[in-house]
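Colleague: Just the structure for this:
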Amino acid sequence: MDPIHSILGLSALNKWDSYKPGTRGYIAPNEDVGLPYPEDTLELNFQDTNCLKPNQAVLSGIATLTQVCPAISIFADGADEPVGFPFSKRDAAALLPKVGELGDARTTTISNDLFKIDNPKWHPSVAAATKTILAAMGFKDLPEDAYTVELADMTVQGASIFESPYVTPPAYGNHFATILVFLPSNINSVQLFGRNEAIAPRWANYVLFGMPLQTSVHAIGLCSLLGSTELTIKGKGDAVYLTYRVRSTYRSYLSFNSLTGACSDWRNIFCSWRYELSVDKDYAQQEVFFMLEADEVDNVTKLEDNDVVMVSHLAPLVKAYGFKMYFGSLVYRKECQKTFEACDQVAPESQTEAMEKDLSMGGPGIKENFIWTFTHLNGTAVAEDVGDRLNSCTDRVTLESQWVAGEYELTDREVSRNDVNVRPSSLKNSLTVTITQTRCIPFVVVTA
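Modeller: Numbers count the residues shown, from 1 in each chain. From the prediction side, this is the model:
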């Protein structure tokens, strides 16, 4: 069944009772449709059949910027040093010593505040190439205000044969793609190897040869929306390239572009689950908890990134197979208390550090506290009887760690509060120290 593909479609979940998903791909519950992994729990079946099937290419392919070349000057030795194109060994030999403190003798990266580009036609050409590259990655028909393109730096490669590793981090601070622009140079070939564990773990590669590299400007894009992208650049000759970072102004729009269609494994899980409930409702599992990545979510408008993708796949299946779906929040507190001998009413720092380590690693005397709240998808509170029923099934999560948790467990989540309380003990010259760590974990719960 097709996932939700738009913000408008996602907002329809605010009225769950009237929400109607499409029926393409729906299979009526029957005994012939089983779980993808019959021996595993529902949680592991969901977790091991990830719905995130992105359509982005790791490397976009080559976009050629015709009839334009930047006029670049580097600020060195108190003056503007022009860079000649096509870039040659002579240019590299003259330029690299002047900026050598920024790198090694053969390669250097020059930040954007140490050079300038004067050609007025250059920036529109980069913008047009970026649009072509993003479309090749799967980001088609992006509004012009959906992203920005920022010049980061320039890399000068002066070795006759070179191999440079390059890694873009996972989308962070809305940085979801990187554009490398290879400027004309006396280089024989450039070979690019790229991969992204979340998108395509196998290496993709492109090769550029000979004369086009010496006469034209070429750009290639790296997608890092769902994970870090590794790139290895191999070349023969002297090279210079510019690095641009592409940042989204609206991350949820990009998350929708990572949807390629129905996740048949998840459909089969729901189909099998509903059939088991029809055969033996008392024996079959009644609920599944899906941990969200965000820090706080209490309605669909606050979903971002991978949470958007997951809920967009999940909601149509939940409704089609007659389940219900709620948002929830778990406040998870761990407390450690110890008494120390102390002078001047100050707790020994080494002791408090040891207590914090015990809290993170687990140790004797640690108390845990769980506070659960549940809401409808529009953020309104659930009825008391619904809340009581959902609370009654949380032991499977807290005691058995039965989550669809992706890469996270409860203790992996960032501590939102770390409270240290010091008070005099009943023992002479002693202090009682209490450290409480609080984590807030939003989630989705699907229930029969």
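
Colleague: use CA for all of it now, contacts and neighbours both
Modeller: Will do.

Colleague: what's the nearest residue to Asn378 once chain neighbours are set aside in contact with, if anything?
Modeller: Among residues not flanking Asn378 along the chain, Asn14 sits closest, at 4.4 Å (CA to CA, 6 or more residues apart in numbering). Shown here is Asn14, whose contacts under the criterion CA atoms under 8 Å, 6 or more residues apart in numbering are 299-300, 377-378.

Colleague: at 10 Å instead, please
Modeller: For Asn14, the contact set (CA atoms under 10 Å, 6 or more residues apart in numbering) comprises 299-301, 376-380.

Colleague: Asp32: neighbouring residues, count only.
Modeller: 9 (other CA atoms under 10 Å).

Colleague: Likewise for the one 4 residues further on?
Modeller: Using other CA under 10 Å as the criterion, Pro36 is surrounded by 19 other residues.

Colleague: my read: it touches Cys271, true?
Modeller: No: Pro36 is not in contact with Cys271 according to CA atoms under 10 Å; the separation is 11.3 Å.

Colleague: Give me the common contacts of the two.
Modeller: Asp265.

Colleague: Regarding Ala135, what is its secondary structure?
Modeller: helix (DSSP: H, G, I helix; E, B strand; the rest coil).

Colleague: Quick one: residues contacting it.
Modeller: 56-57, 60, 129, 141-142.

Colleague: Leu65 versus that one, what's the distance?
Modeller: Counting by CA to CA, to the nearest Å, the gap from Ala135 to Leu65 is 16 Å.

Colleague: Using PDB, write out every CA atom in stretch 263-275.
Modeller: What follows is stretch 263-275, C-alpha atoms only, in PDB (Å, rounded to 0.1, in the frame of the first residue of the first chain):
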ATOM      1  CA  CYS A 263       6.700  -1.400   1.700                       C
ATOM      2  CA  SER A 264       5.400  -4.900   1.000                       C
ATOM      3  CA  ASP A 265       7.100  -6.400   4.100                       C
ATOM      4  CA  TRP A 266       5.300  -4.100   6.400                       C
ATOM      5  CA  ARG A 267       2.000  -4.800   4.700                       C
ATOM      6  CA  ASN A 268       2.600  -8.500   5.100                       C
ATOM      7  CA  ILE A 269       3.300  -8.000   8.800                       C
ATOM      8  CA  PHE A 270       0.000  -6.200   9.300                       C
ATOM      9  CA  CYS A 271      -1.800  -8.700   7.300                       C
ATOM     10  CA  SER A 272      -0.400 -11.600   9.300                       C
ATOM     11  CA  TRP A 273      -0.900  -9.800  12.600                       C
ATOM     12  CA  ARG A 274      -4.600  -9.100  11.800                       C
ATOM     13  CA  TYR A 275      -5.100 -12.800  10.800                       C
END
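
Colleague: mean confidence for that stretch?
Modeller: The pLDDT scores in stretch 263-275 average 93.

Colleague: Could you do stretch 87-107 as well?
Modeller: Averaging pLDDT along stretch 87-107 yields 63.

Colleague: From start to finish, how long is it in a straight line?
Modeller: Start-to-end, stretch 87-107 (CA to CA) is 14 Å.

Colleague: And stretch 23-30, by the same measure?
Modeller: End-to-end distance for stretch 23-30, by CA to CA: 17 Å.

Colleague: any idea how far that stretch is from the chain center?
Modeller: Centre-to-centre, stretch 23-30 and its host chain are 31 Å apart (CA atoms, centre = their mean, to the nearest Å).

Colleague: and what of stretch 389-407?
Modeller: The answer for stretch 389-407 is 24 Å, by CA atoms, centre = their mean.

Colleague: can I see the domain layout of this protein?
Modeller: Annotated domains of the chain cover 7-53+259-447, 59-250 [automatic domain parsing].

Colleague: Span of the last one from start to end?
Modeller: One end of domain 59-250 to the other measures 22 Å (CA to CA).

Colleague: Distance-wise, check Thr368 relative to Gln437.
Modeller: Wrong residue type there; residue 368 is Glu, not Thr. 10 Å.

Colleague: which residues are common contacts for those two?
Modeller: 332-336.

Colleague: and the residues you listed as a markdown table, adding pLDDT?
Modeller: Below are the shared contacts of Glu368 and Gln437 laid out as a markdown table (pLDDT from 0 to 100):
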| residue | pLDDT |
| --- | --- |
| Tyr332 | 87 |
| Arg333 | 87 |
| Lys334 | 84 |
| Glu335 | 84 |
| Cys336 | 82 |
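
Colleague: So which of those is the closest to Glu409?
Modeller: Distance to Glu409 across those (CA to CA) is lowest for Tyr332, with 11.8 Å.

Colleague: Assign a three-state SS to that closest one, would you?
Modeller: Going by three-state DSSP, the secondary structure assigned to Tyr332 is strand.

Colleague: That one - how many residues pack around it?
Modeller: 19.

Colleague: who's in contact with it?
Modeller: 368-372, 398, 410-411, 415, 437-441.

Colleague: Rounded mean pLDDT for the host helix or strand of Ser189, please.
Modeller: In this assignment (DSSP states H and E), Ser189 forms part of strand 187-196. Across strand 187-196, pLDDT averages out at 75.

Colleague: Which other helices and strands does it contact?
Modeller: strand 59-65, strand 161-168, strand 200-209, helix 211-215, strand 217-223, strand 229-237, strand 239-248 (3 or more CA pairs under 10 Å, 6 or more residues apart in numbering; DSSP states H and E).

Colleague: and with 6 Å instead?
Modeller: Counting contacts by 3 or more CA pairs under 6 Å, 6 or more residues apart in numbering; DSSP states H and E, strand 187-196 is packed against strand 200-209, strand 229-237.

Colleague: to the chain's geometric centre, what's the distance from the last one?
Modeller: I take that to be strand 229-237. 24 Å.

Colleague: Paired strands for that strand, with orientation please.
Modeller: The strands beside strand 229-237 in its sheet (DSSP bridges) come out as strand 161-168 (antiparallel), strand 187-196 (antiparallel).

Colleague: Following element in sequence after the first one, please.
Modeller: Same thing as strand 161-168. Trace forward from strand 161-168 with DSSP H and E and the next one is strand 175-182.

Colleague: From the chain's centre, how far out is that following strand? Work that out for me.
Modeller: For strand 175-182, the separation from the chain centroid amounts to 17 Å (computed by CA atoms, centre = their mean).

Colleague: what residues does the strand or helix carrying Glu81 touch?
Modeller: Assigned by DSSP H and E, Glu81 belongs to strand 79-82. Residues outside strand 79-82 that contact it (CA atoms under 6 Å, 6 or more residues apart in numbering): 72-74.

Colleague: now do 10 Å
Modeller: Residues contacting strand 79-82 (CA under 10 Å, 6+ apart): 71-76, 91, 94-95, 98, 114-116.

Colleague: just the buried members of these?
Modeller: Buried by 16 or more other CA atoms under 10 Å: 72-75, 91, 95, 115, out of these.

Colleague: Of those, which belong to helices?
Modeller: Among the buried ones among the contacts of strand 79-82, the members found in helices (DSSP state H) are 91, 95.

Colleague: Fine by me, thanks again.
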